[in-house]
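**Q** Structure, please.
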Amino acid sequence: MSTLSSAAPLGGATPVLPACRLVSLDVFRGLTVLLMLLVNNPGDYHFYYTPLVHAPWHGCRPADLIFPSFVFIMGVALVYGLGSVQPVRALHRTTLWRVGRRAGVLLLLGLLIGLIPYFYFTSFRIPGVLQRIALVYAACCVVFLKTNWRQQAGLLAFILVLYNVLLQVVPVPGYGPANLAPATNLGAWLDRLLFHQGHLFVEQEGWDPEGLLGTLPTIATGLLGVLTGQWLRQPAVEPTTKVVWLFVAGSGLVVAGCIWNGWFPINKPLWTSSYVLYAGGIDVLLVAALYFLCDVQGWRGAWTLPLRVCGSNALLVFFLPEALERVLTKLKLHHADGTTFYLRNWLYQNLFAPYFRSPYYASLAYAIAYTALWVALLWVLYRRRLFFTA
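**A** Okay, here's the model as predicted:
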């Protein structure tokens with residue numbers, strides 16, 4: 001996330017944008033942020049607007065591309081952030097210390113989200129999105145600094161094959177043969193072994209969609225971004241040549257993912273190897289298109305500004321809406337007659353639900369309004385040149 005595009009501390013703000021930014025990457029990040037806000041904040045979770053719904057298990061829908069896009073963008077961004085450091089081995093130790101600090105901040109913020117609003121340390125969720133991003137960020141930084149692109153590509157392929165073997169060959173203790181069912185796959189068993197049930201995602205039955213084992217293939221998604229970033233930074237290659245080969249590589253990854261789907265299904269919660277290739281291929285294609293438009297052709301007009309605004313504070317706009325959502329949905333308030341209610345439900349039922357015939361449109365309207373509020377805040381911060389990061 002924005003953690004990788006600036007050196008400012010989380011608690012402070014930097015008055016200028018970092019140098020050497022890809023406009024296309026900022027636009028891509030902004031698109032991802034907008035889709036994330038719309039998907040994560042419906043008015044009623046029972047009435048998701050259909051295009052914004054995650055796939056029920058196997059399969060991939062637009063909503064399932066959000067998380068891998070953030071990880072992929074992170075991989076590209078860290079190449080631009082650490083590219084000048086990589087050849088100077090004397091700087092690696094100091095750089096890795098900063099990487100560890102940033103990863104630690106992300107990890108703590110993720111745990112904090114799980115604690116809000118009651119801070120019950122005996123039953124808060126330990127895995128999470130920011131926790132996984134922290135681990136992937138640290139791993140990808142170490143790999144980028146210590147290996148070349150061929151070794152990185154080899155490691156990526158090894159991870160994908162290894163993960164396929166783990167989930168489809170290794171028996172699950174206590175359950176029998178390997179399987180891809182939600183509660184009985186190897187990753188779910190490992191999470192229950194390491195974490196008490198009260199520390200997993202409570203909406204699921206004994207498993208967590210951001211579990212520990214799934215971090216392994218997520219590193220592969222980050223490495224796809226790292227490889228893409230190194231290709232984009234090649235000074236000796238013409239920009240149009242970069243675009244052409246990105247389109248070739250992206251198309252090949254999508255096809256490979258679809259082929260692998262035949263025996264290792266595309267699945268976002270499990271983050272299967274086929275999903276890494278399929279979602280990563282789409283990300284490469286999007287980066288290629290945006291890089292050609294924004295950085296090669298120079299089309300950086302007014303159409304990019306709202307997206308750059310949304311992408312300028314990605315960490316902030318992930319953490320604060322998630323924290324506020326937990327307060328609105330879990331903190332009980334009291335009517336004058338003593339009955340309790342949740343503020344989020346009250347807002348939706350009084351300001352949105354009565355004005356739409358379909359609850360799906362009412363739910364979508366709430367998501368759009370909630371998104372618009374955060375975009376307005378991001379616009380104010382952008383105008384003031386304030387960019388918060390870890």
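**Q** pretty sure residue 21 belongs to a strand, no?
**A** No - under DSSP: H, G, I helix; E, B strand; the rest coil, residue 21 sits outside any strand and is assigned coil.
**Q** So it sits against residue 80, correct?
**A** Yes - Residue 21 is within contact range of residue 80, at 7.4 Å (criterion: Cβ atoms under 8 Å). Quick note: C-beta positions are derived from backbone N, CA and C, even for glycine.
**Q** Just the strands from this structure, written as ranges.
**A** With DSSP state E, the ranges of strands along the chain come out as 332-334, 340-342.
**Q** Partner strands of the first one and their direction?
**A** In the sheet containing strand 332-334, its partner strands are strand 340-342 (antiparallel), by DSSP bridges.
**Q** Other residues contacting the strand it pairs with?
**A** Under the criterion Cβ atoms under 8 Å, 6 or more residues apart in numbering, residues 328, 329, 330, 331, 332, 333, 334, 335 lie in contact with strand 340-342.
**Q** quick one: the fifth one and residue 314, what's the gap?
**A** Applying Cβ to Cβ, to the nearest Å, one obtains 31 Å for the distance of residue 332 from residue 314.
**Q** Same check on the fourth one?
**A** Taking Cβ to Cβ as the measure, residue 331 and residue 314 are separated by 26 Å.
**Q** Comparing the two, which residue is more hemmed in?
**A** Counted by other Cβ atoms under 10 Å, residue 331 and residue 314 do not tie: residue 314 has more neighbours, with 28 against 13.
**Q** Hmm, that one is touching residue 70, no?
**A** Yes - when contacts are counted by Cβ under 8 Å, residue 314 is listed as touching residue 70 (7.4 Å).
**Q** Check the chain and tell me which residue is nearest its centre.
**A** The chain has residue 67 as the residue nearest its centroid, 3.0 Å off, counting by Cα atoms, centre = their mean.
**Q** where does the stretch 1-150 of the chain have low pLDDT?
**A** Counting by pLDDT under 70, the stretch 1-150 of the chain contains low-confidence ranges at 1-20.
**Q** all helices for it, in order.
**A** Assigned by DSSP state H, counting those that start in this stretch, the helices in the stretch 1-150 of the chain fall at 23-40, 66-82, 92-115, 129-146, 149-168.
**Q** Mind checking the ones you listed for the one nearest to residue 267?
**A** Proximity to residue 267 (Cβ to Cβ) singles out helix 149-168 among the helices of the stretch 1-150 of the chain, at 9.6 Å.
**Q** List every C-alpha atom in that closest one, with coordinates, as CSV.
**A** What follows is helix 149-168, C-alpha atoms only, in CSV (Å, rounded to 0.1, in the frame of the first residue of the first chain):
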residue,chain,number,x,y,z
TRP,A,149,15.2,-11.4,-11.2
ARG,A,150,15.9,-15.0,-12.4
GLN,A,151,16.1,-16.2,-8.8
GLN,A,152,12.9,-14.3,-8.0
ALA,A,153,11.1,-15.9,-10.9
GLY,A,154,12.3,-19.3,-9.8
LEU,A,155,11.2,-18.8,-6.3
LEU,A,156,7.8,-17.6,-7.5
ALA,A,157,7.4,-20.9,-9.5
PHE,A,158,8.6,-23.0,-6.6
ILE,A,159,6.0,-21.4,-4.2
LEU,A,160,3.2,-22.0,-6.6
VAL,A,161,4.0,-25.6,-7.1
LEU,A,162,4.7,-26.2,-3.4
TYR,A,163,1.4,-24.6,-2.4
ASN,A,164,-0.4,-26.8,-4.9
VAL,A,165,1.2,-29.9,-3.4
LEU,A,166,0.5,-28.8,0.2
LEU,A,167,-3.2,-28.3,-0.4
GLN,A,168,-3.9,-31.2,-2.8
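**Q** Give me the buried positions along it.
**A** Across helix 149-168, burial judged by 16 or more other Cβ atoms under 10 Å covers 152, 155, 156, 159, 160, 163, 164, 166, 167, 168.
**Q** how about the nearest residue to the third one, chain neighbours excluded?
**A** Spatially, and ignoring its direct neighbours in sequence, residue 156 is nearest to residue 223 (4.5 Å; Cβ to Cβ, 6 or more residues apart in numbering).
**Q** Quick check: that neighbour vs residue 389, distance?
**A** 22 Å.
**Q** Of those two, give the one with the bigger neighbour count.
**A** Between residue 223 and residue 389, counting by other Cβ under 10 Å, residue 223 is the more crowded of the two (29 against 23).
**Q** re earlier: which one's more surrounded, residue 21 and residue 80?
**A** Applying other Cβ under 10 Å to residue 21 and residue 80 shows that residue 80 carries more neighbours, namely 20 against 16.
**Q** Let me know the pLDDT of the spatially closest residue to residue 320 that is not a sequence neighbour.
**A** Leaving aside its sequence neighbours, residue 320 sits nearest to residue 374 (Cβ to Cβ, 6+ apart; 7.7 Å). In this model, residue 374 is scored at 94, pLDDT.
**Q** Most tightly packed of the helices of the stretch 1-150 of the chain?
**A** Highest mean neighbour count of the helices of the stretch 1-150 of the chain: helix 66-82, a mean of 25 (counted as mean count of other Cβ atoms under 10 Å).
**Q** between that one and helix 129-146, how many degrees?
**A** 40 degrees (axes from the mean of the first three to the mean of the last three Cα atoms, to 10 degrees).
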